[in-house]
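In: sharing a model that was predicted from the sequence below.
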Amino acid sequence: MAKRLDEGRAAMGTWLDQRTGYKALLHETLFENVPGGARWRYAWGSTLMFFFSVQVITGIFLWMSYSPSSQTAWESVYYIQHHMWGGWFLRGLHHFVAQAMTVLLVLHLMQVVIDGAYKAPREVNFWFGVGLLVLTLALSLTGYLLPWDQNGYWATAVTTNIVGMSPGLGPSMQEMLVGGARYGHLTLTRFFALHAGLIPGLIILLIVGHVSLFRRHGLTPKVPLKGPDQGFWPEQVLRDAVACLAVLVVVIFFVVREHGAPLGAPADPAEQFSAARPEWYFLFLFQFLKYFPGKTELIGAIVLPALCMLVLVAIPILGQWKLGHRFNLGFLGAMLVGAVLLTWQAKRDDQRDVEFQIAKIGAARDAARAVELANAGVPITGALSLLRDDPLTQGPRIFSRNCASCHRYDGHDGLGNALPKDSISASDLKGFASRVWVQGFLNADTILSSRYWGGTIHTEGEMARWLSDHIPATDEARATRANVVLALSSLAKRPSQATVDVTDRARIALGIQFMRDTKSGCASCHTFQDVGTDSPELTEWGSRQWMIEFVTDPTHPKFFGRDNDRMPSFGKDNTLSEREIAMVVDWIREEWYRPKGAIKPP
Amino acid sequence: MTELQTSPDRRNFFSKAAALVVGGLIAVVAPVAGMFTLFDPLRRKSAARNWTRVASLGSLPDSGEPRKFPVLDTLIDAWNKTENVPIGSVYVQKTGDNTVRVLNSVCPHLGCSVGFNATSQGYFCPCHKSSFAVDGRILDPKSPSPRAMDALEAEVRNGEVWVKFQNFRKGSPDKIPV
């Protein structure tokens, strides 16, 4: 039975061979002679071939779920990363294999130059290799944009602007590449076509040329030979496979550690992004550019890199010169050492750059928030519109731009940037109208600190005077003050105090009673509900509506009127839109979307 | 084929086996990773539909002739969630003072959109010529549709027609919700 099966198989093999010649092809592929026997150092080319096919496979699968447009690119990548079964792993594999390939390319190039494998008759094959190197880097550049997150967006803006800087056709080339004057749908469709179509197609053509030329000339044996010749199969195949496995294990380690690939917040052309950096293997170019300020930039961005490429291409020709091989080794060595040094410098600069570190934290916060909001469903206007309408995201930005010149938020500008101490002139609004905040405010010792009114003209005002004249001395007076704190704070209806405002309702009622007292209570000056006459009015004090109205116009008679101390009428003067005022107010009130089951942030 | 084999047979066998094992191992990682995302839709069950208001009873003719209405509900399309958009359409006909019949407007055969023909007082599918009676029954025994038009759960509440919209698997004699 088994014999008949074997015979059948053999017959089928012959049938297929007669029609395709596959046996000869297989023989040709697998039984390449390896002079001096298999060696680990010959594995680089094969690993690159292998990982290129991994990229093709993972790329095609990603393609099945990716949607290139400015309202769907981030969203589809987010969906792959956070919702699809194993999507994070697939993305991570594609991302980290790309990085591994860059490293492998450099190793392959080093091995070729060190072994002199570029020398006659292999010059053309060397050029094929350089072409492959450039195309693979082009894959990295185009792929970096496709998730349409802040990092990819701004990094691509820089690279395409460098294209636009080149003399002559530069600007037209940039516009052609970007698909117009602005980055948008057409940028994505073009980059995607380059990334998934044109560039891989060219790479496959060059690989065919590269491998067939390699087969034509055979590999460049490392002398002295270690032993007798061996076949490519199985000894060298085994070594190649083990090398691939080793690299793959490292890649998978990173994929699991990073849980896929990074995805920043959705690209926002209107939002400053100080955390923009290229992929780590382009950092040396990024750093290099810093040494060419002003008009010399062209030299650093285009002229010198182009010259280096030219020398790289000229390596086989330079190699014919007596000292050529040494020059080539020196050149490559210098390039590598330079790149490593520049990368290290770039990293170190960033580490020392406090602003960059804060921007990075902010970027991570926005990225996480975008995912949190998107989990509740993305509108067809895209995830960016979720972030743009989110008080937690926009509040600090509006605050830092408009309020932080006088106010503080927990001592900083809202975004976490420190501010000069002497610039504080108004109260710290972290927890405004909360019990803790009001307790500090209704206290003669603290109201004059810079956390409250220390920097304002109100230090001389009646409120401060009243507080210092009425320092509670008895237990009863202290209890009343505490009740007033609870009562005043309860008027704000802060969502975080919703429960305690109910449990303490008896004390709050006592506090309200004191506030309504027109002889010795708050209403002896302030308008409160239906009693009192003077401003600022305390009815609904600190509530959402009260705050919005206050920010709109603090000079309104209901608020500070003519006693207003330098606070602009943001709404009345149209400095801020209603929506912006509402967002900064909601942020201060800590009133923003929270996913079900999530813990309240500190 | 054997002229290059200089190592002893056993070592050669080991190398071949090891090369196949390691090669096979590294070769499956990328396709398997991709397969998971490919099969992802299979594990997603469509969420149960809510009751939605489709029409007011007053807009239906007493003759029992059907009218077509869009069904507006929340549409979840992968990452997108859109409230109050058409997710399908239904034929609604009055069957009594306070009763209605609601049919999904999609043909149970292969999912084309079925039209109502006022002259023949029946439904007709333009794709493969399935025809249905006004109550949704299969009219012609040669009709390619394996089942009658899909009736939907419907109620009249305060003069409004409410329906629990649902699609069913096409081409099957049984009504299987999808």
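Out: That came through, no problem.
In: hey, where'd the helices end up in chain B?
Out: Shown for chain B, the helices assigned by DSSP state H span residues B:9-39.
In: for the stretch 401-550 of chain A, same thing?
Out: For the stretch 401-550 of chain A, helices defined by DSSP state H, counting those that start in this stretch occupy the ranges A:435-441, A:462-469, A:475-491, A:498-503, A:505-515, A:544-552.
In: nearest to chain B among those would be which one?
Out: Using C-beta to the nearest C-beta as the criterion, the shortest distance between chain B and the helices of the stretch 401-550 of chain A is 24.3 Å, found for helix A:544-552. All C-beta spots, glycine's among them, are computed from the backbone N, C-alpha and C.
In: how far off centre is the closest one?
Out: The chain centre lies 35 Å from the centre of helix A:544-552; the measure is C-alpha atoms, centre = their mean, to the nearest Å.
In: can you mark which positions in it are buried?
Out: Within helix A:544-552, the residues scored as buried using 16 or more other C-beta atoms under 10 Å in any protein chain shown are A:544, A:546-552.
In: hang on, the earlier thing: let me have the helices of the stretch 401-550 of chain A in TSV, extended by distance to chain B and mean pLDDT.
Out: Formatted as TSV, these follow (distance: least, C-beta to the nearest C-beta, whole Å; pLDDT from 0 to 100):
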stretch	distance to chain B	mean pLDDT
helix A:435-441	37	95
helix A:462-469	47	91
helix A:475-491	34	94
helix A:498-503	27	94
helix A:505-515	37	94
helix A:544-552	24	96
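In: quick check: mean pLDDT of the helix or strand containing A:K347?
Out: Assessed by DSSP states H and E, A:K347 sits inside helix A:324-352. Helix A:324-352 shows an average pLDDT of 96 in the prediction.
In: what's the helix or strand following it in contact with?
Out: Proceeding N to C from helix A:324-352, the next assigned helix or strand is helix A:354-374, under DSSP H and E. Where contact means C-beta atoms under 8 Å, 6 or more residues apart in numbering or on different chains, the residues beyond helix A:354-374 that reach it are A:74-75, A:78, A:82, A:149-151, A:262-266, A:273-275, A:350-351, A:383, A:386-387, A:390, A:392-393, A:415-417, A:593, A:595, A:598, B:79.
In: give me the distance between the closest residue to chain A within chain B and B:V100.
Out: Of chain B, the residue with the smallest distance to chain A, taken as C-beta to the nearest C-beta, is B:K81 at 2.5 Å. With the distance defined as C-beta to C-beta, to the nearest Å, B:K81 ends up 30 Å from B:V100.
In: more neighbours, those two?
Out: Shown here are B:K81 and B:V100; by other C-beta atoms under 10 Å in any protein chain shown, B:V100 has more neighbours (21 against 15).
In: distance of that one from B:E160?
Out: Distance from B:V100 to B:E160, counting by C-beta to C-beta: 10 Å.
In: got any residues that touch both of those two?
Out: With contacts taken as C-beta under 8 Å, 6+ apart, B:V100 and B:E160 have B:L57 as neighbours in common.
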